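*Asks:* sequence below, structure please.
(chains A and B)
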Amino acid sequence: MSLLLPDSGLLFWMFLSFGIVFVILAKYGFPVIIKMVEGRKTYIDQSLEVAREANAQLSKLKEEGEALVAAANKEQGRILREAMEERDKIVHEARKQAEIAAQKELDAVKQQIQIEKDEAIRDIRRQVAVLSVDIAEKVLRKNLADKEAQMGMIDRMLDEILTPNKN
Amino acid sequence: MKQLHNIVAPLVLFCLMMVACLPVLAQEQAGEVPSQTQDAITPQEEEEHTVDVKEIVFGHIGDSYEWHITTWGKTHITIPLPIIVYSGNTGWHVFLSSRLEENGGTYEGLSIAPEGSKYEGKLVEYNAAGEQVRPWDISITKVTFALLFNSVLLLVIVLSVAHWYRKRPQGAKAPGGFVGFMEMFIMMVNDDIIKSCVGPNYRKFAPYLLTAFFFIFINNMMGLIPFFPGGANVTGNIAVTMVLAICTFLAVNIFGTKHYWKDIFWPDVPWWLKVPVPMMPFIEFFGIFTKPFALMIRLFANMLAGHMAMLVLTCLIFISASMGPALNGTLTVASVLFNIFMNALELLVAFIQAYVFTMLSAVFIGLAQEGAKVKAADK
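*Replies:* Numbers count the residues shown, from 1 in each chain, chains lettered A, B, ... in the order given. Sure thing, here's the model as predicted:
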């Protein structure tokens, strides 16, 4: 029966020890731990939220980057095409100019050649004239070695001059 | 050839078993002889040889002024504990319990009341008329010592865990090892028992309920350790459970809401149950006291029964010692097996009883919190 009767001394000690344990643990024990764990929980939740946002932002950035790259590619193609057209145009023009220049030069050269040819022909004519005069002189000198030949010559010459309409 | 081997092997085994059994048989025969001559021994002597199970069991589960560890031959190995007594006649007495034995059972006029007395086993003094008078006794008894020891142990454990958190910044990495285990344990109690049973206003009551849980749990566990700092039947003592139940009673009723009190004195039942004769209010009012009373008895009886069952099972070995080696041997094996089972069961019970006490306290507090406004800061 004594088991069912609480002993006053033990009651006293139990009140004291449980009270002290409760006060100490309620002040310095459990709240610290629970606060920390719950703090960590909210921290993890926040971190997850932040990570999700960062992920979304990252994918958005990626999309943007891709769009940028696509635009850049398009631009590059356009620029390249333009550049090619430009090049072709320049080359074309250059060729044209070169042709014109070449034509001009050719013309100049042709003219020069013509001039020189004319010159040469005149020179040759002059030479031929001189030569024929020389030959004629030599022939004349040989033919007019005597007086009669000279006189006959003069006669013929005079005849020729006097009868031009016969020719 | 192989067949012959098959026949011989069991035969050899059988012979070996017979040889092994011989000493047992011989012992059994030898054991019978003294039992026949035992009639010659006087009943007084016989009483000394038999085991007083009642004394062992009640000596263990009860309280005492010293911590008896074992008896080696004729010498008792005990740890003396301080006796602190205030007598109305002679004032304060503070001495070690070993003084009583040294001085033939009486020291400074105080002695332990003999068997059959109203204060059996307690310290008493005799007044002028020769009547036993019980002084104010706040001695550090066995249960008190275990209680204080376990309280200090609990403080050390929880404060060391809290210290780990205190020296780290908010949002530090989760702990591992013992601190991690304690965190898991504390959060399990906090989330599964307290938060779900008390309701939205649980934060105010969490420290009390956690303290109650771990206080009961550590005392239960220490009670299962069979040697010195453990082994005392702390939570199986009604004074201890009574204080715990009173604390729950106070927590329920001091913080009870208007709604709670209205439910007690004017419950939602047909009017004739409460107007001429206040039957329901009376039952509800009575319930205020039966709830913590049930808490007190449940914990006390469960832990007491566990200790008692294990002790009785152990005593079986010593009771059967006089019944011959065969029976003794069988009962020893059975006793050890049952004790292993009981210990495993008690480990479970130690947790379950702490869990149940905390959960029911939480439920009672939660019922008394119905309709309470949750403070914005506590959300």
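*Asks:* which bits of chain A sit near chain B?
*Replies:* Residues of chain A that fall close to chain B, judged by Cβ under 8 Å from any Cβ of the partner chain: A:2-15, A:17-18, A:20-22, A:24-26, A:28-34, A:36-37, A:39-40, A:43. Bear in mind the C-beta positions are built from the backbone N, C-alpha and C, glycine included.
*Asks:* which stretches of chain B form strands?
*Replies:* In chain B, the segments counted as strands under DSSP state E are B:66-72, B:75-80, B:82-87, B:91-96, B:106-107, B:110-112, B:123-126, B:132-133, B:136-137.
*Asks:* run through the neighbouring helices and strands of the longest one.
*Replies:* Just to be clear, that refers to strand B:66-72. Helices and strands touching strand B:66-72, by 3 or more Cβ pairs under 8 Å, 6 or more residues apart in numbering or on different chains; DSSP states H and E, are strand B:75-80, helix B:142-166.
*Asks:* cool, and the fifth one?
*Replies:* Helices and strands touching strand B:106-107, by 3+ Cβ pairs under 8 Å, 6+ apart, are helix B:98-102.
*Asks:* keeping just the C-alphas, turn the helix it packs on into PDB.
*Replies:* Presented in PDB, the C-alpha positions along helix B:98-102 are these (Å, rounded to 0.1, in the frame of the first residue of the first chain):
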ATOM      1  CA  SER B  98      25.500   4.600   7.100                       C
ATOM      2  CA  ARG B  99      25.500   6.300  10.600                       C
ATOM      3  CA  LEU B 100      22.300   4.400  11.400                       C
ATOM      4  CA  GLU B 101      23.800   1.000  10.900                       C
ATOM      5  CA  GLU B 102      27.000   2.000  12.700                       C
END
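*Asks:* contacts only, for residue 155.
*Replies:* Picked chain A for this. A:Asp155 makes contact with no residue, according to Cβ atoms under 8 Å, 6 or more residues apart in numbering or on different chains.
*Asks:* nope, chain B please
*Replies:* B:Leu155 sits next to A:Val21, A:Ile24, A:Leu25, A:Gly29 when contact means Cβ under 8 Å, 6+ apart.
*Asks:* now with 7 Å?
*Replies:* Shown in contact with B:Leu155 (Cβ atoms under 7 Å, 6 or more residues apart in numbering or on different chains): A:Val21, A:Ile24.
*Asks:* quick check, pLDDT for residue 68.
*Replies:* Let's take chain A. Here, the pLDDT recorded for A:Leu68 equals 94.
*Asks:* my bad, the chain I had in mind was chain B
*Replies:* 83.
*Asks:* got it, and B:Met1?
*Replies:* According to the prediction, B:Met1 has pLDDT 47.
*Asks:* give the contact list for B:Met279.
*Replies:* B:Met279 is in contact with B:Leu273, counting by Cβ under 7 Å, 6+ apart.
*Asks:* now do the helices in chain A.
*Replies:* A:8-24, A:30-143, A:147-162 (DSSP state H).
*Asks:* winner for burial among the helices and strands packed on strand B:66-72?
*Replies:* Most buried of these, by mean neighbour count (mean count of other Cβ atoms under 10 Å in any protein chain shown): helix B:142-166, with a mean of 20.
*Asks:* tell me the angle that one makes with strand B:82-87.
*Replies:* Inter-element angle recorded for helix B:142-166 and strand B:82-87: 120 degrees (by axes from the mean of the first three to the mean of the last three Cα atoms, to 10 degrees).
*Asks:* can you say which of the residues of chain A next to chain B are buried?
*Replies:* With burial judged by 16 or more other Cβ atoms under 10 Å in any protein chain shown, the buried subset of these is A:3, A:6-7, A:9-14, A:17-18, A:21-22, A:24-25, A:29-34, A:36-37, A:40.
*Asks:* now do A:Ile124 against A:Asp118, distance only.
*Replies:* 11 Å (Cβ to Cβ, to the nearest Å).
*Asks:* any stretches of chain A with poor pLDDT?
*Replies:* Counting by pLDDT under 70, chain A shows low-confidence ranges at A:1, A:164-167.
*Asks:* and the residue nearest the centre of it?
*Replies:* Nearest residue to the geometric centre of chain A (Cα atoms, centre = their mean): A:Ala83, 6.5 Å.
*Asks:* next up, the contacts around that one.
*Replies:* Contacts of A:Ala83 by Cβ under 7 Å, 6+ apart: none found.
*Asks:* deepest-packed of the helices of chain A, please.
*Replies:* helix A:8-24 (a mean of 19).
*Asks:* quick one: contacts of that helix?
*Replies:* By Cβ under 7 Å, 6+ apart, the residues outside helix A:8-24 that reach it are B:63, B:137-139, B:141, B:143-144, B:147-148, B:151, B:154-155, B:208, B:211, B:215, B:237, B:239-240, B:242-243.
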